[in-house]
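Visitor: Build me a model from this:
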Amino acid sequence: MAISLRLSNDDALLIKNYAKLHNLSISELFRQAVMEKIENEFDIAAFNNAMEEYRNDSETYSLDEVEKELGLI
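Guide: Okay, here's the model as predicted:
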């Protein structure tokens, strides 16, 4: 799939030089940047969900308690 972007000359030059510095094609640089952005948003959403669950039930267990419960010790 092809995607096009409109960039100022300064932005285009910065991106081109950054990609060259890191030995990446511009396509690979953009793919990595977008994928990282998406992954970060998923991680933030997962964190927020976990914190909400913790706020609703803040009971915690020590490592020893978890190992014992799972029959690991």
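
Visitor: Quickly find the element holding the residue positioned nearest the centre of the chain.
Guide: The residue lying closest to the centre of the chain (Cα atoms, centre = their mean) is residue 40, at 2.7 Å. Per DSSP states H and E: residue 40 is located in helix 26-56.

Visitor: packing partners for the next helix-or-strand element following that helix?
Guide: Per DSSP H and E, helix 26-56 leads on to helix 63-69 as the next helix or strand towards the C-terminus. Using 3 or more Cβ pairs under 8 Å, 6 or more residues apart in numbering; DSSP states H and E, no helix or strand is in contact with helix 63-69. C-beta: built from backbone N, CA, C; applies to glycine.

Visitor: Now helix 63-69: average pLDDT?
Guide: The average pLDDT for helix 63-69 rounds to 96.

Visitor: how far away is the residue nearest to the centre of the chain from residue 30?
Guide: 16 Å (Cβ to Cβ, to the nearest Å).

Visitor: so what secondary structure elements neighbour the helix holding residue 40?
Guide: Applying 3+ Cβ pairs under 8 Å, 6+ apart, we find helix 26-56 packed against helix 9-21.

Visitor: Now do the helix it packs on: which elements does it pack against?
Guide: So helix 9-21, by 3+ Cβ pairs under 8 Å, 6+ apart, packs with helix 26-56.

Visitor: Just checking the distance from the helix it packs on to the centre of its chain.
Guide: Here the centre of helix 26-56 is set off from its chain's centre by 4 Å, with Cα atoms, centre = their mean, to the nearest Å.

Visitor: In contact with the residue nearest to the centre of the chain, which residues?
Guide: The contact partners of residue 40, by Cβ atoms under 8 Å, 6 or more residues apart in numbering, come to none.

Visitor: Kind regards, and thank you for your time.
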